[in-house]
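A.B. asks: Have a look at this prediction, sequence included:
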Amino acid sequence: MKLLIKDAFVITMTSKDSPVVCRDIAIEEGMISHIGEVPSAFIPDKIIDGTGHIAMPGLINAHTHMAMSLLRNYADDLPLMEWLSEKIWPVEGHLNGEAVYAGTLLSLVELIRSGVTTYRDMYFYMEDVARATEAVGLRAVLGLGMVGVTDPEQKLLSQTKAFFHHWHLSCDGRIRVEVAPHAPYTCSDDYLKAAFELSQSLETTMHIHLSESLSEVKASYDTHGVSPVKHLEDLGVLNKHVSAAHCVHIDQKDIEILKQHGVSVLYNPSSNLKLGNGFAPIAQLMEAGVNVAIGTDGSASNNNLNLFEELHLAALVNKGVTGDPTALPAYKVLEIATINGAKALGIDHLVGTLEVGKRADLILIDLEKPHLVPHHDLVSAVVYSAAATDVSHVICDGVVLMEDYEFTCLDEKNVMTQAKLEASKLIKRHKGGVE
Ligand SMILES: [Zn+2]
C-alpha cells in the first residue's frame, strides 16, 4: 500500500528551530519513504489532502490501564490508598477476559480519537488486551501488572514470560511485551528483584509506579529508612530500560538517582491532581536531563484518555507551580508526548518523529476550527488551543485507522454497547448478584 499525504503543515519533531514546514509525506509498506519532495515515480494507491491540516507524529500515551475505562466515574473524590483498596481492587477481583477485551476496545477508540498511535498498558488479562490491540491496529507495549509478596504470586512471573513469548514483536512488531511490577509498596524486595532479572533476561523494558503519593513515601522511610527511589536503587533494579510512572514526591537526590541510572519518568498530570497527589517536578527533572514522557493513567483516575488535556495541563501546571512562564515551553511539551515517549518505551528507532525510514505513525489535526485560527504558531496551537476532537486522521504503521473523523477499523457504537454491558456485568459480579 502506497499512501501520499499532500500539502500538510508538517511538524516532524526533528527540528526545534524550524518546527513547521508545508510538505508532502509518502508512505510505503508502513514506512515513511519521503518527506518533502516526493519523486514522480511514487504512484500512490491513496492520496490524503493535508491542506489546512497539521501532520505530526502520533502521540504516545506512556502510562495507562486501558480496561479501567469500565470503572470510569465509578469511584471518585478519594485519596489514592482508599480509592485503590476500598473501591478499585475489590471490583478488579471480578474482572474476566471478556470484560478486559471490551474495556480495552473502548479505550482504543478513545485513544485513536485523541491522536494516540502508541500506548503502554499495565493491567490484567493481557492476552485479551493484546487481542484487542491486534484487531484495531494500534502500537502497544504491554505488561502484566504484577503484585507479589509471597511464593504463589511467582505464577505472574511465569505468566509474563509466557505472554512475552507469545506476543512480543507480534503483529509486524506493533506489539511489544515488557515486565510490569506494580509498585514498591505492592511487591516485596525479592519480587522486585525477580521482576527486574526477568526483564533483563528477556531483554525488554520494565514499567513500575513510583513515589506517587506522600503516604507511599512516608511508608518507605518507615520501613526502609530511604525514599522509594533510593530503595529501588539499593535493590539494584534501576537502569535505562526502566520507566517509573508518577515520581510526584521526589527530592533532589531522587532526581540525581533517576538521571544517573537513565530511568524515564512517566508524567500523569490529571491523575496526580485528581487523586490529590500533587504535581511531579517535571521542569526540574528535564533540566537535570531525565527523559520525561506523558500518560493519562487509567480512566478511573482521570477520567478519560484525552492526551491533549494532559499536554495542556502539563504546560500550565508547570508554569504555575514554578512561577516561571518559560518552564516547559510548547515544543518541549510536544517532545514529551512524542519522541520522549518513544525513548521511554525503547522504540525511538521506530517512531516518535516523522523521518524517512521510520514507521508511519502519524496524525492529522484539522486547523479549520475557530479556536485554531489564525495560524501564527502551530506548535503553540497544538499544545495550548487544540482539542482531541480536532484530530481528523490517524495512521498507524501505514494503515489509516481514522479518516475524516470516521473509523475504518471498528464499529464505534458497537464497542460502546459492549463496554456498557461488560461494565454492568462486572459491577453485578462484584455485588454478588446474578449476571
Ligand atoms: Zn497507573
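C.D. replies: Now that the structure is in, tell me what you want to look at. Numbers count the residues shown, from 1 in each chain.
A.B. asks: any weak-confidence spans in this structure?
C.D. replies: The chain contains residues with pLDDT under 70 at 150-153, 433-435.
A.B. asks: Show me how the record splits it into domains.
C.D. replies: 2-57+360-407, 59-344 (automatic domain parsing).
A.B. asks: from the chain's centre, how far out does the last one sit?
C.D. replies: Here domain 59-344 is found 8 Å from its chain centre; the criterion is CA atoms, centre = their mean, to the nearest Å.
A.B. asks: cool, and the first one?
C.D. replies: Between the centre of domain 2-57+360-407 and the centre of its chain there are 21 Å (CA atoms, centre = their mean).
A.B. asks: burial measure for the closest residue to D45 other than its chain neighbours, as a count.
C.D. replies: Closest residue in space to D45, ignoring its immediate chain neighbours: K2 at 5.0 Å, by CB to CB, 6 or more residues apart in numbering. (Glycine included, C-beta is placed from N, CA and C.) Neighbours of K2 under the rule other CB atoms under 10 Å: 15.
A.B. asks: tell me the contacts of the residue positioned nearest the centre of the chain?
C.D. replies: Nearest to the geometric centre of the chain sits N61, at 2.0 Å (CA atoms, centre = their mean). Listed by CB atoms under 8 Å, 6 or more residues apart in numbering, the contact set of N61 reads 111, 116, 118-120, 294-296, 305, 307, 341.
A.B. asks: Which pair in those has the greatest spatial separation?
C.D. replies: Farthest pair in the contacts of N61 (CB to CB) is L305 and G341. Separation: 14.2 Å.
A.B. asks: still on that earlier bit, and the residue nearest to the centre of the chain, what are its phi and psi?
C.D. replies: Here is the backbone geometry of N61 (degrees, to the nearest 10): phi -90, psi 100.
A.B. asks: Buried deepest among the domains of the chain, which one?
C.D. replies: domain 59-344 (a mean of 21; mean count of other CB atoms under 10 Å).
A.B. asks: Quick check: end-to-end length of that domain?
C.D. replies: In domain 59-344, first residue to last residue: 13 Å (CA to CA, to the nearest Å).
A.B. asks: Skipping its backbone neighbours, what lies nearest T14 in space?
C.D. replies: In space, T14 is closest to T353, 5.0 Å off (CB to CB, 6+ apart).
A.B. asks: And for that neighbour, the neighbour number?
C.D. replies: By other CB under 10 Å, neighbour count at T353 equals 19.
A.B. asks: ditto for the one 3 residues further on
C.D. replies: By other CB under 10 Å, 12 other residues sit near V356.
A.B. asks: What values do phi and psi take at S380?
C.D. replies: Residue torsions, per degrees, to the nearest 10, at S380 are phi -60, psi -40.
A.B. asks: To clarify, my last question referred to L59.
C.D. replies: Dihedral angles for L59 - degrees, to the nearest 10 - are phi -70, psi 160.
A.B. asks: same deal with E406?
C.D. replies: Per degrees, to the nearest 10, the backbone of E406 is at phi -100, psi 130.
A.B. asks: my read is V229 is in a strand, agree?
C.D. replies: No: under the criterion used here (DSSP: H, G, I helix; E, B strand; the rest coil), V229 is helix, not part of a strand.
A.B. asks: Compare the domains of the chain and give me the one nearest Q418.
C.D. replies: Nearest to Q418, of the domains of the chain and by CB to CB, is domain 59-344 at 4.5 Å.
A.B. asks: got a list of what the residue lying closest to L238 once chain neighbours are set aside touches?
C.D. replies: Spatial nearest neighbour of L238, excluding adjacent residues (CB to CB, 6+ apart): H261 at 4.0 Å. Neighbouring residues of H261 by CB under 8 Å, 6+ apart: 233, 238-240, 242.
A.B. asks: now do 10 Å
C.D. replies: Residues in contact with H261, defined by CB atoms under 10 Å, 6 or more residues apart in numbering, are 229, 232-233, 236-242, 290.
A.B. asks: Need the phi and psi values for it.
C.D. replies: phi -90, psi 0.
A.B. asks: how close does it sit to K46?
C.D. replies: 45 Å (CB to CB, to the nearest Å).
A.B. asks: Secondary structure for the contacts of N61 - can I get that in TSV?
C.D. replies: Listed next are these as TSV, based on three-state DSSP:
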residue	secondary structure
L111	helix
V116	strand
T118	strand
Y119	strand
R120	strand
I294	strand
G295	coil
T296	coil
L305	coil
L307	helix
G341	helix
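A.B. asks: will you turn these into CSV that also has distance to V415?
C.D. replies: Formatted as CSV, the contacts of N61 follow (distance: CB to CB, whole Å):
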residue, distance to V415
L111, 12
V116, 16
T118, 20
Y119, 16
R120, 21
I294, 25
G295, 22
T296, 18
L305, 14
L307, 19
G341, 25
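A.B. asks: What is the nearest of these to G173?
C.D. replies: T118 (11.9 Å).
A.B. asks: Does the closest one touch G346 like I think?
C.D. replies: No: using CB atoms under 10 Å, T118 is not in contact with G346, being 11.4 Å away.
A.B. asks: residue contacts, L198?
C.D. replies: 146, 157-158, 160-161, 164, 178-179, 181, 204, 206.
A.B. asks: In these, find the pair that's most separated.
C.D. replies: Among these, S158 and M206 lie farthest apart (CB to CB), at 16.6 Å.
A.B. asks: Tell me where the stretch 1-150 of the chain has helices.
C.D. replies: 80-82, 89-92, 97-113, 126-136 (DSSP state H, counting those that start in this stretch).
A.B. asks: From one end of stretch 230-247 to the other, what's the distance?
C.D. replies: End to end - CA to CA - stretch 230-247 spans 12 Å.
A.B. asks: brain fart, stretch 147-163
C.D. replies: End-to-end for stretch 147-163, by CA to CA: 16 Å.
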